[in-house]
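J.: take this sequence and fold it.
(one chain, ligands or ions: 1)
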Amino acid sequence: MCGIVGYIGNNAVEEILLSGLKNLEYRGYDSAGIALNDNQGIDVFRAKGKLNNLAEVLNFKHLETKHISQGIGHIRWATHGKATIENAHPHLSNDGKLVLVHNGIIENYKELKDELISQGFHFFSQTDTEAIVHLIDREYKKTFSLEQAVIKAIAMLKGAFALCIMHHNEPDKIIAVRKNAPLIIGLGKNENFIASDIPALVGKTQKIIHLDDNELAIVKKDKVIVKNFKGEVLNKAEENIQIAQDDITKQGYKHFMLKEICEQPQIIHKMLAEHIEMPEQPIHFDNINMTDLMEGVEKIEIVACGTSLNAAQIAQYMMEDLTGISVTIEPASEYIYKRHLTNNKTLSIGISQSGETADTITALKQAKANGAKILVITNRPDSSIVRYAHYVLPLNAGIEVSVAATKSYTAQLTMLCLLSLAMAENKQNMERQKILSIKQELLTLPIKMEEVLSSQREIKKCAEKYNKYKNFIYLARGINIATAQEGALKLKEISYINANSYVAGELKHGPIALLDSNMPILAIFSQNSKTYEKMLSNCEEAKARQAHLIALTNSSIENRKGFFDDMIIVPELSELLSPLLFALPIQLFAYYFADSLNLDVDQPRNLAKSVTVE
Ligand code: AGP
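T.: Next up, the predicted model:
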């Protein structure tokens, strides 16, 4: 997902833009650039790779910043066109007077580009974005008003676009446009800011205006006017942001990922304290009445992507086990194109850490159009997805900077467990004692997570022992199949090795052909599971094919004469809750594996923190 920043005011523009882009690095990118508008003209600086390459270009230019009062910046995650200088933003009009940056995708850019080329415009990149700048420039040459030109041009765009636009002839303003891609305005004293996301504004302002879809802002240093795409002025509420600098610094950890793994016990403790006041009392959600939520619901469907989809799969087990209601789960990217039986008796749940994942938003829009009740579970209650929800459960896990989801995953699992218990309490279909004992065990989770973290040196040693392997298999049964999927996803996304998960019972139906001494297996199982013996026999099948075996389990089973090559033991927990604790060792294993290979753990290649394009 690209990152956008803009600034208009009397302070050092380039430093403000660079520091804003730095705080957006976690979104993932492969090139960067800024444009500065001074009394001579517009200067554009772009570089491939990381922001320090751009900083070098800027230093080399020995910028005289005294006349610069406005600038825009961008970090690009390549969609249309490779990660090259030509494709990096900002993009300039042919006369060099109009410049813009863009986050999103223009679906009709090809026909626009053909039309503009036929009208004499020259293109220098493969991006869809360049079609926007020439389109606005064409309209500007008719209206000589940047605002009018923008309004006319965006009416011709199809797709998603967050834009920051400057014109040399109108140095008193930057125009910000939002449609299906996030954009906020930061309000300062005789200066104003524009950003894709709140972290870019930390340390600059606490006051913001959220632009909604189909809105644009004329941002001057002493005022901000928000309009709809028809040009009508809107009254927008100012909000205060709650993110501190600490939330987006490593605080002494080597990587954000390790910091966020270690934050999990206190995040889960806070969440449990908020929703379980007394175990004997019903679970409490501030803004959700469970009777309203569940009234008339005969079916639950959950849509999500990536790690959030793995959380959905675990929720399916919990909800069906505790409520007896049928639960289906679907990757959001598949849900969009399938016929569904969704209706007004369906509760559709969307799970999204960022709240900006395009596939999940589109799927929820469809479910809503089919009459479903929409519940969203997100770590960003200020995000786009919330606009389509009837009910929202915020995770409050704090900004998750590392691309690999960790604390948001266990926060999702805990919230989904609380929701499943609350549904069971509402349905009254389960003996109260069983629900009470699950709640009491859930309350022991934070301290057990602390225990796992205190033994992470063992996990580090184990990960380093296996970091020469290029393939890895994760095996599990039942509710922990999704734990195996999440473990494989974590390992592949930050270490780039071919890690896959299989249902253990399926091993002998094909995957066993992969096994030899070059294939390590991480087997995940609960001692108190009804499939415990089955898991052991699957491990024996693997051992007989010379596979190296690591056991991740939750009790001190003696390692019968060294049957397992390595063991990672976590504190005892019932099978239903075991995924909430197994999550930590699979995160730590992937982290130390990748770190031992000196890889860019927080910003892995090709990945973005949130995929805002379908
Ligand atoms: C997980 O580590 C990845 N970052 C990715 O799979 C992520 O979970 C997925 O893109 C969904 O993101 P969301 O939760 O913000 O919707």
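
J.: give me the number of residues near the residue of the stretch 251-400 of the chain found nearest the ligand?
T.: Per C-beta to the nearest ligand atom, G306 is where the stretch 251-400 of the chain lies closest to the ligand, at 2.0 Å. All C-beta spots, glycine's among them, are computed from the backbone N, C-alpha and C. G306 has 23 neighbouring residues, counting by other C-beta atoms under 10 Å.

J.: same thing with N287?
T.: 8.

J.: give me the three-state assignment for it.
T.: Classification of N287 using DSSP: H, G, I helix; E, B strand; the rest coil returns coil.

J.: and the pLDDT for E277?
T.: Turning to E277, the model gives it a pLDDT of 87.

J.: leaving out chain neighbours, which residue sits closest to it?
T.: Sequence neighbours aside, H284 is the residue nearest to E277 in space, at 6.2 Å (criterion: C-beta to C-beta, 6 or more residues apart in numbering).

J.: and the one you found, which of the three is it?
T.: Classification of H284 using three-state DSSP returns coil.

J.: repeat for L293
T.: Applying three-state DSSP: L293 is helix.

J.: correct me if wrong: it contacts L375.
T.: Yes - under the criterion of C-beta atoms under 8 Å, L293 makes contact with L375 at 7.0 Å.

J.: now do the shared contacts for these two.
T.: Contact criterion C-beta atoms under 8 Å, 6 or more residues apart in numbering; residues shared by L293 and L375: 347, 391.

J.: among these two, which residue is more densely surrounded?
T.: Per other C-beta under 10 Å, whichever of L293 and L375 has more neighbours is L375, with 21 against 18.

J.: for that one, what are its contacts?
T.: 288, 293, 347-350, 389-393.

J.: is it correct that D43 falls within a strand?
T.: Yes - according to three-state DSSP, D43 belongs to a strand.

J.: what parts of the stretch 1-150 of the chain come near the ligand?
T.: Residues of the stretch 1-150 of the chain lying near the ligand by C-beta under 6 Å from any ligand atom: none.

J.: buried ones in stretch 46-55?
T.: 46-48, 50-51, 54-55 (16 or more other C-beta atoms under 10 Å).

J.: ok, now stretch 155-166?
T.: By 16+ other C-beta under 10 Å, the buried positions in stretch 155-166 come out as 157, 159-166.

J.: which member of those residues is positioned nearest the ligand?
T.: Among the buried residues of stretch 155-166, A160 lies closest to the ligand (C-beta to the nearest ligand atom), at 15.2 Å.

J.: list the beta-bridge partners for that closest one.
T.: Beta-bridge partners for A160, by DSSP bridges, are I105.

J.: residues in contact with the host helix or strand of A363?
T.: For A363, the enclosing helix or strand under DSSP states H and E is helix 358-369. Contacting residues not belonging to helix 358-369 are listed as 160, 180, 301, 303-305, 308, 330-333, 335-336, 340, 342, 346, 348, 350-352, 374, 376, 384-385, 388-389, 611-614 [C-beta under 8 Å, 6+ apart].

J.: which members of those are positioned in strands?
T.: Among the contacts of helix 358-369, the residues falling in strands (DSSP state E) are 160, 301, 303-304, 330-331, 346, 348, 350-352, 374, 376.

J.: redo the residues you listed as TSV? Include distance to the ligand and pLDDT.
T.: Below are these laid out as TSV (distance: C-beta to the nearest ligand atom, whole Å; pLDDT from 0 to 100):
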residue	distance to the ligand	pLDDT
A160	15	88
E301	16	98
V303	10	98
A304	6	98
E330	14	97
P331	10	97
T346	21	97
S348	15	98
G350	9	98
I351	7	98
S352	3	98
I374	15	98
V376	11	98
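
J.: so which of the residues you listed is the most crowded?
T.: Of these, with other C-beta under 10 Å as the count, I351 tops at 33 neighbours.

J.: what does this protein have sitting close to the ligand?
T.: Counting by C-beta under 6 Å from any ligand atom, the chain sits next to the ligand at 305-308, 352-354, 357, 360, 403-405, 493, 610-611.

J.: which of those residues are buried, as a ChimeraX select command?
T.: Buried residues among those (16+ other C-beta under 10 Å), as a ChimeraX selection:
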select :305,306,307,308,352,353,354,357,360,403,404,405,493,610,611
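
J.: buried stuff in stretch 204-215?
T.: For stretch 204-215, burial by neighbour count (16+ other C-beta under 10 Å) applies to 204-205, 208-211, 215.

J.: my bad, stretch 563-582
T.: Neighbour-count burial for stretch 563-582 flags 564-573, 575-582 (criterion: 16+ other C-beta under 10 Å).

J.: could you do stretch 94-103 as well?
T.: Buried residues in stretch 94-103 (16+ other C-beta under 10 Å): 97-103.

J.: so where do the helices sit in the stretch 151-300 of the chain?
T.: 256-262, 264-275, 290-294 (DSSP state H, counting those that start in this stretch).

J.: most tightly surrounded among those helices?
T.: helix 256-262 (a mean of 23; mean count of other C-beta atoms under 10 Å).

J.: from the contact counts, what lies against that helix?
T.: Contacts defined by 3 or more C-beta pairs under 8 Å, 6 or more residues apart in numbering; DSSP states H and E place helix 256-262 against helix 578-596.

J.: could you say what helices and strands the helix it packs on packs with?
T.: The helices and strands touching helix 578-596, judged by 3+ C-beta pairs under 8 Å, 6+ apart, are helix 256-262, helix 407-427, helix 445-454, helix 456-465, helix 481-495, strand 520-525, strand 548-553.

J.: so the longest one versus helix 578-596, what angle?
T.: Compare the direction of helix 407-427 with that of helix 578-596 by axes from the mean of the first three to the mean of the last three C-alpha atoms, to 10 degrees and you get 170 degrees.

J.: about what we covered before: include distance to S529 when you put the helices of the stretch 151-300 of the chain into a markdown table, please.
T.: Shown next, in a markdown table, are the helices of the stretch 151-300 of the chain (distance: least, C-beta to C-beta, whole Å):
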| stretch | distance to S529 |
| --- | --- |
| helix 256-262 | 25 |
| helix 264-275 | 22 |
| helix 290-294 | 29 |
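
J.: returning to what we had before: what's the closest of the buried residues of stretch 46-55 to P199?
T.: L51 (14.0 Å; C-beta to C-beta).

J.: picking that back up, so who does the residue of the stretch 251-400 of the chain closest to the ligand touch?
T.: Here G306 is in contact with 405, 489 (criterion: C-beta under 8 Å, 6+ apart).

J.: rerun at 7 Å
T.: L489 (C-beta atoms under 7 Å, 6 or more residues apart in numbering).

J.: likewise for L309?
T.: P331.

J.: can you tell me which of the buried residues of stretch 46-55 are in strands?
T.: Counting by DSSP E, these contribute 46-48 to strands.

J.: if we only consider these, which is nearest to the ligand?
T.: Using C-beta to the nearest ligand atom, the shortest approach to the ligand within these belongs to K48, at 23.2 Å.

J.: for the closest one, name its beta-bridge partners.
T.: S31.

J.: please renumber the chain so that the first residue is 4 from this point on.
T.: With 4 as the first residue, the last one maps to K51.

J.: isn't it up against E89?
T.: No - using C-beta atoms under 7 Å, K51 is not in contact with E89, being 10.1 Å away.

J.: other SSEs contacting the lowest-mean-pLDDT helix or strand in the chain?
T.: Using mean pLDDT, DSSP states H and E, helix 54-63 stands out as the lowest-scoring helix or strand of the chain, at a mean of 87. Other helices and strands packing on helix 54-63, by 3 or more C-beta pairs under 7 Å, 6 or more residues apart in numbering; DSSP states H and E, are helix 16-25, strand 34-41, strand 44-51.

J.: gap between the second one and the chain center?
T.: Just to be clear, that refers to strand 34-41. Distance of strand 34-41 from its chain centroid, counting by C-alpha atoms, centre = their mean, to the nearest Å, is 26 Å.

J.: give the buried residues for that strand.
T.: Neighbour counts over strand 34-41 (16+ other C-beta under 10 Å) mark 34-41 as buried.

J.: before we move on, back to that, closest to M322 out of the helices of the stretch 154-303 of the chain?
T.: helix 293-297 (11.3 Å).
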